[in-house]
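no sequence for this one, just the structure:
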């Protein structure tokens, strides 16, 4: 059976906006220090080895229709993980490098 201690049992803290800002800034600085940001010790993110279709469309110059057409024609290889279609980085680069050069 829960015990009702009432609101008077809950301690309250009164502080100014400046004090609260200092606490938040200190907490943020501590979090950045733990992550190694700004110390030269931050871990680099691992290189991408694959992209979802949505991510691949985000590559400058690529459109969704162009990607699906290349896949349908067998020009661009994809792999599947469940229902997710993944384009490996090496396959995307190979397909882009095989595109004809433009005189524009």
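Here it is on my side, so go on. Being a predicted model, the structure only gives us computed values, none of them experimental. Residues are numbered from 1 along each chain as shown.

pLDDT-wise, which helix or strand of the chain ranks last?
Using mean pLDDT, DSSP states H and E, helix 17-35 stands out as the lowest-scoring helix or strand of the chain, at a mean of 75.

run a quick neighbour tally on residue 67.
Neighbour count of residue 67, defined by other Cβ atoms under 10 Å: 22. In this view, the C-beta of every residue, glycine as well, is placed from N, C-alpha and C.

and it, what does it touch?
Under the criterion of Cβ atoms under 8 Å, 6 or more residues apart in numbering, the neighbours of residue 67 are 53, 56-57, 76, 87.

quickly find the element holding it.
Assigned by DSSP states H and E, residue 67 belongs to helix 64-73.

just the contacts of residue 67: which are in strands?
Using DSSP state E, the subset of the contacts of residue 67 located in strands is residue 87.

quick one: buried residues of the helix holding residue 67?
For helix 64-73, burial by neighbour count (16 or more other Cβ atoms under 10 Å) applies to 67, 70-71.

now that helix: average pLDDT?
Averaging pLDDT along helix 64-73 yields 93.

what's the first helix or strand after it?
The helix or strand immediately downstream of helix 64-73 is strand 79-81, counting by DSSP H and E.

what is the mean pLDDT for that next one?
Strand 79-81 shows a mean pLDDT of 94.

which helices and strands does it pack with?
strand 84-88 (3 or more Cβ pairs under 8 Å, 6 or more residues apart in numbering; DSSP states H and E).

after the strand it packs on, next one along is what?
Counting by DSSP H and E, what follows strand 84-88 is helix 89-98.

domain ranges for this structure?
Using automatic domain parsing, the domain ranges for the chain come out as 13-44, 50-98.

want to throw those domains into a markdown table with distance to residue 104?
Shown next, in a markdown table, are the domains of the chain (distance: least, Cβ to Cβ, whole Å):
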| stretch | distance to residue 104 |
| --- | --- |
| domain 13-44 | 36 |
| domain 50-98 | 12 |
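
deepest-packed of these, please.
Of the domains of the chain, the one with the most neighbours on average (mean count of other Cβ atoms under 10 Å) is domain 50-98, at a mean of 13.

what's the end-to-end length of stretch 56-67?
In stretch 56-67, first residue to last residue: 8 Å (Cα to Cα, to the nearest Å).
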